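build me a structure from this.
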Amino acid sequence: MHFMNRTTPVVLFLALALAATTAAQNRSKARAKKASAPATSRQVSTPKPNDAAAVPTPAPSPAATSISPAIAIVNDATFTAADIEPTVTQLISNDPDLYLRDFYQDRAKAIREARQRAVDARISSMLIAAEANKRKMTIDAFLDAEVNSKIANPTEAEVRTVFDQNRAQLGDDFDGARTTIINYLRNERVEKGRNELVNRLKMTNTVQKGADVNSANLAPGTVLASVNGQPLRIETINERMQAYVYKMDRRIYDTQLQVLDRRINDTLIIAEATKKNIGAEVIMRTEITDKLKPPTDAEITRFYEENKARINGDLASARAAIADFLQQQQQQKLEADLATRLRSGAKIQILLPEPTAPIFNVPVGKGYGRGDINSAVKIVEFTDFQCSACGAMYPVMEEVLKSYGTRVYFEIRNFPLTSLHANAFIAAQAAAAANAQGKLWPYIDYLFKNQSALDADSLKKYATQVGLDRKRFDADFESGKFDNDIHRDMEEGEVYGIEGTPTIFINGVKLTTLSAEGLRDAIEKAFARSK
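Next up is the predicted model:
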């Protein structure tokens, strides 16, 4: 359970769902190049298709001074934090994540509250694990019996009500949004049922409170609570909070950088218009609006076929949303091209301080490893075998690691996103069964290459193709004997702030650029730090 998230009722934007596997790495690439490269997409203040051209915001006067710290210098113009603060505040105030808004408004208070939530969530997980163990059940089987099997499916009227309340975001395609709304309502009910279960378990298990998590100067090893004598120590919460605070700081920084880049681009557009003795809106129109073309039927069909596993509804119901998404992509490329050209002749210095990535204590030897475990550089990847982004990153990882041989140790751990991927958990069980026979790596090659077919029968078929002892594989796969290890990985992953996959740590530092270039750069930096 990702207990740090608190969002408003429904986030159902098709474009976000379609772009989810690449958006994070694109933002990471942009950050890595921000000091010298062109702005990334969505940063030029261009109008949307068919809108009137927007006039860019003028830059501060070169002579302007302020007590606010400088965050960028563009030619002779200086930008300060105060210049972008109103827009940043507005964007964060409109963000659906209420925790981000709280953090931005009162950082100290938000951290105190988050620390207590982290304690409460960990106690809940410990109670569920303890009760499942008492009943000699896996955690999943226990939750299915006590919560999931008792959840009623939403009625058509309930689904329609949510749709009507969110029509501004969803448009008029009820059939296309229906499945997503049903899943949202079910997850909401599951969460409520889980909380009720935890309250019952508190009455039948021994929960003892220890030190206040927000007390000053807590010594290492301090016990914050215990469940049936099993302690929850301060180190677990501190590690989780390190991830949480960095995530919030990173999101605020990303918003600041987005606004700053827009101001820089606006400044350059105005300068270009002044040099040519034309209006800024003329540049916007000729460079972007006039060049936009509606996507063709062939482009829409091809996009649907390539992404239909992640799209609710058929081609007819998704056509309008796909067309809009492709049009936005086209506009973003035109914006980026314009920014590239304008920035190539400008002197730009970015001074906005970037949050420092924490170094997590991610142990090795708990997952599926290869290479020398004593190597100077150790990579741990938390993965979901049904996750398309994990499937895309796997061959990249394989190719990069070839050049390092045994100089780099690589380990895979499980983080199946069970709320998104129906077969992710059984795929993890199958991988563990293959590992028991020493053939994990050839087996997971099949998993990543066949992500649309990870049902139990297919997983058994891949075992035969890899040459496993099928009788032993089937018995291990169906026994649940590896479930505790998988859940351990998931719980430890949450401590490190993992909310999506793949999440990769290199000597404890999270990889932010999911590409071959980003991976090599991070490995070389890890070698340099280890000397």
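
how far away is residue 201 from residue 140?
Using CB to CB, to the nearest Å, one gets 16 Å for the distance from residue 201 to residue 140. Where you see a C-beta, it was placed from the backbone N, CA and C, and this is true even at glycine.

now do residue 96
Counting by CB to CB, the separation of residue 96 from residue 140 is 29 Å.

for residue 367, same thing?
19 Å.

neighbour count winner among residue 96 and residue 140?
residue 140 (17 against 13; other CB atoms under 10 Å).

contacting residues for the more buried one?
Contact analysis of residue 140 by CB atoms under 8 Å, 6 or more residues apart in numbering lists 418, 425, 483.

distance between the helix or strand harbouring it and the chain's centre?
Assigned by DSSP states H and E, residue 140 falls within helix 139-146. The chain centroid and the centroid of helix 139-146 are separated by 27 Å under CA atoms, centre = their mean, to the nearest Å.

what are the buried residues along that helix?
139, 140, 142, 143, 146 (16 or more other CB atoms under 10 Å).

over to stretch 490-504?
So stretch 490-504, judged by 16+ other CB under 10 Å, has buried residues 490, 492-498, 500-504.

give me the contacts around the helix or strand hosting residue 381.
Assigned by DSSP H and E, residue 381 belongs to strand 377-383. Contacts with strand 377-383, where a contact means CB under 8 Å, 6+ apart, come from 362, 364, 367, 390, 393-394, 397, 401, 404, 407-415, 489, 493, 496, 498, 501-507, 523, 526-527, 530.

that one pairs with which strands?
Its sheet considered, strand 377-383 pairs with strand 408-414 (parallel), strand 503-506 (antiparallel) by DSSP bridges.

which one of the ones you listed lies closest to residue 244?
strand 503-506 (14.4 Å; CB to CB).

next structured bit after the one helix or strand in the chain whose mean pLDDT sits lowest?
Within the chain, no helix or strand scores below helix 14-32, which has a mean of 34 by mean pLDDT, DSSP states H and E. Reading on from helix 14-32 to the C-terminus, the next helix or strand found by DSSP H and E is strand 70-74.

any idea which helix or strand comes after the strand holding residue 381?
Following strand 377-383 in sequence, per DSSP H and E, is helix 388-402.

centre of the chain versus that following helix, how much separation?
That offset, for helix 388-402, works out to 18 Å (CA atoms, centre = their mean).

repeat for stretch 420-434
21 Å.

from residue 324, how far off is residue 137?
Taken as CB to CB, the span from residue 137 to residue 324 is 47 Å.

repeat for residue 105
33 Å.

higher neighbour count, those two?
Applying other CB under 10 Å to residue 105 and residue 324 shows that residue 324 carries more neighbours, namely 16 against 12.

my guess is residue 247 meets residue 497, correct?
Yes. At 5.9 Å, residue 247 and residue 497 qualify as touching, with contact defined as CB atoms under 8 Å.

name the residues contacting each of these two.
Applying CB under 8 Å, 6+ apart, one finds that no residue jointly contacts residue 247 and residue 497.

how about residue 78: what's its closest non-neighbour residue?
Excluding the flanking residues, the one nearest residue 78 by CB to CB, 6 or more residues apart in numbering is residue 70, at 5.2 Å.

wait, that neighbour touches residue 83, no?
No. Shown here, residue 70 and residue 83 do not form a contact pair, counting by CB under 8 Å, at 9.7 Å.

more neighbours: the two, which one.
residue 83 (22 against 15).

that's a helix at the more buried one, yeah?
Yes. With DSSP: H, G, I helix; E, B strand; the rest coil as the criterion, residue 83 is part of a helix.

and for the nearest residue to residue 219 once chain neighbours are set aside, the neighbour number?
Leaving aside its sequence neighbours, residue 219 sits nearest to residue 234 (CB to CB, 6+ apart; 7.9 Å). Residues near residue 234, counting by other CB under 10 Å, number 20.

residue 234 reaches residue 225, doesn't it?
No. Counting by CB under 8 Å, residue 234 stays clear of residue 225, with 10.6 Å between them.

ok, and what's touching stretch 343-363?
Contacts for stretch 343-363 (CB under 8 Å, 6+ apart): 31, 34-39, 69-75, 239, 242-243, 246, 249-250, 253, 256-257, 260, 264-265, 268, 380, 496, 505, 507-510, 512.

what comes up buried for that stretch?
Going by neighbour count (16+ other CB under 10 Å), the buried part of stretch 343-363 is 343, 348, 350, 352, 358, 360, 362.

stretch 239-258 now?
Applying 16+ other CB under 10 Å to stretch 239-258 flags 239-252, 254-258 as buried.

tell me how far residue 150 lies from residue 129.
20 Å.

more crowded one of these two?
residue 129 (18 against 13).

what residues are up against that one?
By CB under 8 Å, 6+ apart, residue 129 lies in contact with 139, 487.

element containing it?
Using DSSP H and E, the element containing residue 129 is helix 107-134.

how far does that helix sit from its chain's centre?
Its chain's average C-alpha position is 21 Å from that of helix 107-134, according to CA atoms, centre = their mean.

how about that helix: buried residues?
Using 16+ other CB under 10 Å as the test for burial, helix 107-134 gives 110-111, 114-115, 117-119, 121-132.

one step back: buried subset of the contacts of strand 377-383 as a ChimeraX selection?
Buried subset of these, written as a ChimeraX selection, criterion 16+ other CB under 10 Å:
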select :362,364,367,390,393,394,397,401,404,408,409,410,411,412,413,414,415,489,493,496,498,501,502,503,504,505,506,507,523,526,527
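
how many other residues sit next to residue 430?
The number of residues packed near residue 430 is 29, by other CB under 10 Å.

these two touch, right, it and residue 450?
No. Applying CB under 8 Å as the test, residue 430 and residue 450 come out as separate, 11.6 Å apart.

scan the protein for its longest helix.
Longest helix of the chain, by residue count under DSSP state H: helix 234-276.

C-terminal to that one, what's the next element?
helix 280-287.

chain center to the helix or strand following that next one: distance?
Next helix or strand after helix 280-287 toward the C-terminus (DSSP H and E): helix 297-307. Here the centre of helix 297-307 is set off from its chain's centre by 25 Å, with CA atoms, centre = their mean.

could you check the angle helix 297-307 makes with helix 388-402?
Using axes from the mean of the first three to the mean of the last three CA atoms, to 10 degrees, the inter-axis angle of helix 297-307 relative to helix 388-402 is 80 degrees.

packing partners for helix 297-307?
Helix 297-307 sits against helix 315-344, with contacts defined as 3 or more CB pairs under 8 Å, 6 or more residues apart in numbering; DSSP states H and E.

distance check, residue 466 against residue 245.
Taken as CB to CB, the span from residue 466 to residue 245 is 43 Å.

residue 123 against residue 205, yeah?
No. Using CB under 8 Å, residue 123 is not in contact with residue 205; the gap is 10.0 Å.
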